[in-house]
Structures are given as structure tokens and as C-alpha cells.
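Student: Sequence and predicted structure below; questions after.
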Protein chains: 2
Amino acid sequence: MSVSVINYHGAMSRWPSNPRGRLQEAAMELFAEHGYDQTTVAGIAERAGLTERTFFRHFSDKREVLFSGGEELRAMMVEALTSAPPEATPLGAVEAALSAVTAFFDERHPMSRARQVIIDAHSELQERECAKMGKIAEALAEALRARGVPDPDARLTADAGIAVFRSAFAQWVRSDVGDMRTCIEECFAALEKVIAQGR
Amino acid sequence: MSVSVINYHGAMSRWPSNPRGRLQEAAMELFAEHGYDQTTVAGIAERAGLTERTFFRHFSDKREVLFSGGEELRAMMVEALTSAPPEATPLGAVEAALSAVTAFFDERHPMSRARQVIIDAHSELQERECAKMGKIAEALAEALRARGVPDPDARLTADAGIAVFRSAFAQWVRSDVGDMRTCIEECFAALEKVIAQGR
DNA sequence: GCCTGTGATGACAGAGACTGACATCAGTCA
DNA sequence: TGACTGATGTCAGTCTCTGTCATCACAGGC
């Protein structure tokens, strides 16, 4: 293979710059065109002008190419929860964490929708998404514990927040307006309502 | 290979009876002895007196050998939710679903603990467990919709129930008494408390 | 301008998960 | 007795993922 492109140093190089991004782009395209399991890692790498081995240096496995943004999201939420005012209730702190990422989503509405279509079509990918949400919930619970909220309250509040997030995201990704903040507010209110109704 | 055992018809057979159970047992043993990723499917099959190919006829993948009980659990919960009195609140119906499986767990405390040790040691398995919980949540949400609860309430109530279940299970599996009903009741109360505290 | 890392990549081999196709065997039923 | 069925074995093959080593571009010191 012999490719010549301007790399991130502005110099000529045999290798294209931003290999991660190129791999993600190639993967999205191929998953959308032929489906997740009809796409091989070798095929993704080839379209990105790289090799299979290099793919696995950038992503721990085939699914991860669709999910590597998750760490950033988690970090934003944990940061917001941690820096919420000390007098905030556990649920208030979780609300702050959710509010902190609304802009992140609103900026990515079309991409999120395309990505969700792919995920919805393959249970392997749904599994990974579920796991990512679980990791975020665990991180939020840990951040609540650091604020002095004991278990099981910390875990329950974090899980409730993630439940709100999931419902809000489902609503947001289907809608055309793409206002994540409103979706979150509505789902928060709905959760409070169904709990207040009692059992 | 030539094995002679009394099969489930009471007759002599070349094949041991209950191949599924034998595979599950062999897998639990090997996972506990050598760890999940140090154990090969061929190794599990060999200990069960079967072949790798037969393993994959009984379980869709390597992880599933630890999780095939999940469908039973889901069915019990959906059944209980569906047959809850029509006047029950959404949260009340979900509580009925959780109550319906407490005995199931109390009967399996030592086995659940051994299984959890294995799962906690491997993120691949945690991912599958998370996905199974997600499937149950989806099934409960669907059962709530069938009772006339619209989204996002149905989804949120189901997710809240699963959050309670997860916290309760974590508490139960660590405790020595093994009273799942009490754990669920406590976590339910804790959830209601943190939500009532407001944001 | 040369020399020497250092980091990213390619090339290659191999283990292990999983699938498809076909053969075999035990039990069943006509 | 013979055909049928269901569960299994056998074998070949694809794909995911890993370890190892060679190569190349770039950076920094001399």
C-alpha cells in the first residue's frame, strides 16, 4: 500500500492522519451499508487505508469502534456531579450530571440517529450500549458515595438517573427538534410522578 | 468416545442424559478453577463428555452457558406483572413482579454467590448480565404498556424496578441470611426516599 | 547534516469462538 | 423389519483477537 497525504504535522507522510476517525467513519459506513455482522474488521481497515492489526490497536474490539465516545460522556457527567453544590440532594446532583451533557447531544443529532439505527439492528451492539450505560451508572454512584451518599441510595439514585437518561435519549433521538434538555426534564417529571403514585 | 449411562428414558445409551446441565456444571467448575478466559469451550465440552459443536447447539455462545436461566426469570416476572390486579399502580405491578421471584433466589443462594464471583471477575460476563437485565426491563415495560401505561412512564417504571432489583440482589448475594424479599423491600423504600427528597 | 531513539504501523503466525454441511447412532413408529 | 427423527460427532472453514518482530517517519541531541 502506498498512500501520500498531508499529516497532522503538515508534512507529507505515507500515512493518513487521524486513523481513529477514519476507522470510525469507515465502520459506520460499512455497518450501514451491509450490516454489522456482514462487515469484517479487515474490511473496515481496508476502507480506512489501514490494516486489521492497526484497527485493534485503536479499538479493543470490533464493537468498540462505535462506542469510544462513551468515556468522554462519562467523564463529563462525573465532573458535573462532583462539582454540584454540596447542599444539592442526591437526585439534584444527578440532574446536574444529566444537564451537563445536553449540549453534547444536541450538537450530534443526525450522527446519533444514524448510529442508533445500526445499534438497534444488532443485539451484540445493544449489549455493549447497555454495558456502557451500566458503567456510567456505576461511575455516578461512586461519585455520589464520594459526596457522602451511602449505598443503596447512591446506586439507586444513579440508576434512576440513567433510567431518565435512557428514556429521554429514546425520545430525543426519534424527535426532529432535537432538544435533549426538554426530553430530560419531561422524563424526570414522569419518573417522579410514577414513584409518587405509590405501589 | 464411548460412554454408557442410564438416559432419561431409563434405558442404556451411549450418551449421558441432561447434556445442558452437564455443560453448565462443567463450565461453572472450569470458570471457577481457571478463570473465564483461560477456559475454552472445547475444554468445557470435554469435561461434560461432549464435543465443542454440541456445546454451541445448546448455547448460542460461550457466555450464555452462565445465563440461560434468565429467560425463566423474565417469564416469571412478566407473568406476575401481567396478573397483578388491574387497579394496581404501575409501581405496584412492578413490585408484584419482583416479589414473584424472591423464592427463586432464596432457593439458590450458594449457587448465585459462586456464579456472581465468576461474573464479577470478567467484564465480558458483566456485559451479558447487564444485557439480560435490560431485556427483562424491556419485557416489564412491554407488559406495563399492555396494562395501558404509556411511555415514557412504562419504561421508567420498569427501569426503576430493575434498579431496585439490582441493588437488592447485590445486597442479598453478599449477605449470609439470604432473604431476598427483605432486600427488595428495603431498596424499594430507599428509592422512594431519594426521589421524595427531590432535586 | 548525521545518529539514535520513539511511536505508529505492517506483516505474519496462531489460538480460539463460532458456523455450515454431512455422517452416524439410538429410539420410535409404521 | 425398515424408514424416520433427533441428538450428536466430525471436519472444514471464517472471523475475531493477540503476540512478535520488522519497518518507516519523525524528533532530538550531537
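Tutor: Ah, there it is.
Student: Show me the domain layout of chain A.
Tutor: According to the domain assignment given by automatic domain parsing, chain A is divided into the following structural domains: A:7-61, A:69-196.
Student: what about these, which gets the closest to DNA strand D?
Tutor: domain A:7-61 (3.2 Å; C-beta to the nearest atom of the strand). From N, CA and C alone the C-beta is placed, and that goes for glycine too.
Student: Can the closest one be said to contact DNA strand C?
Tutor: Yes - looking at domain A:7-61 against DNA strand C by C-beta under 7 Å from any atom of the strand, the contacts come from A:15, A:19, A:45, A:49, A:50, A:51, A:53, A:54, A:57, A:58.
Student: coming back round to it: quick one, which of the domains of chain A is nearest to chain B?
Tutor: When those are compared by C-beta to the nearest C-beta, domain A:69-196 sits nearest chain B, at 3.5 Å.
Student: Look up the pLDDT of the closest residue to residue A:36 other than its chain neighbours for me, please.
Tutor: Computed as C-beta to C-beta, 6 or more residues apart in numbering or on different chains, the closest residue to residue A:36 that is not its neighbour in sequence is residue A:122, at 4.2 Å. In this prediction, residue A:122 carries a pLDDT score of 94.
Student: How about residue A:6?
Tutor: Turning to residue A:6, the model gives it a pLDDT of 39.
Student: can you count the residues close to residue A:142?
Tutor: Neighbouring residues of residue A:142 were enumerated by other C-beta atoms under 10 Å in any protein chain shown; the total is 14.
Student: Same question for it, what's its three-state structure.
Tutor: Using DSSP: H, G, I helix; E, B strand; the rest coil, the secondary structure recorded for residue A:142 is helix.
Student: Helix or strand next in line after the helix or strand bottoming out on mean pLDDT in chain A, which one?
Tutor: Of all regular secondary-structure elements in chain A, judged by mean pLDDT, DSSP states H and E, the least confident is strand A:12-13 with a mean of 38. Taking DSSP states H and E as the definition, the helix or strand that follows strand A:12-13 towards the C-terminus is helix A:19-34.
Student: tell me what that next one is packed against?
Tutor: Other helices and strands packing on helix A:19-34, by 3 or more C-beta pairs under 8 Å, 6 or more residues apart in numbering or on different chains; DSSP states H and E, are helix A:41-47, helix A:52-58, helix A:109-120.
Student: Can you list the buried residues in it?
Tutor: By neighbour count, with 16 or more other C-beta atoms under 10 Å in any protein chain shown as the criterion, the buried positions of helix A:19-34 are A:19, A:22, A:23, A:24, A:26, A:27, A:28, A:30, A:31.
Student: Name the nearest residue to the first one, sequence neighbours excluded.
Tutor: Spatially, and ignoring its direct neighbours in sequence, residue A:19 is nearest to residue A:50 (5.8 Å; C-beta to C-beta, 6+ apart).
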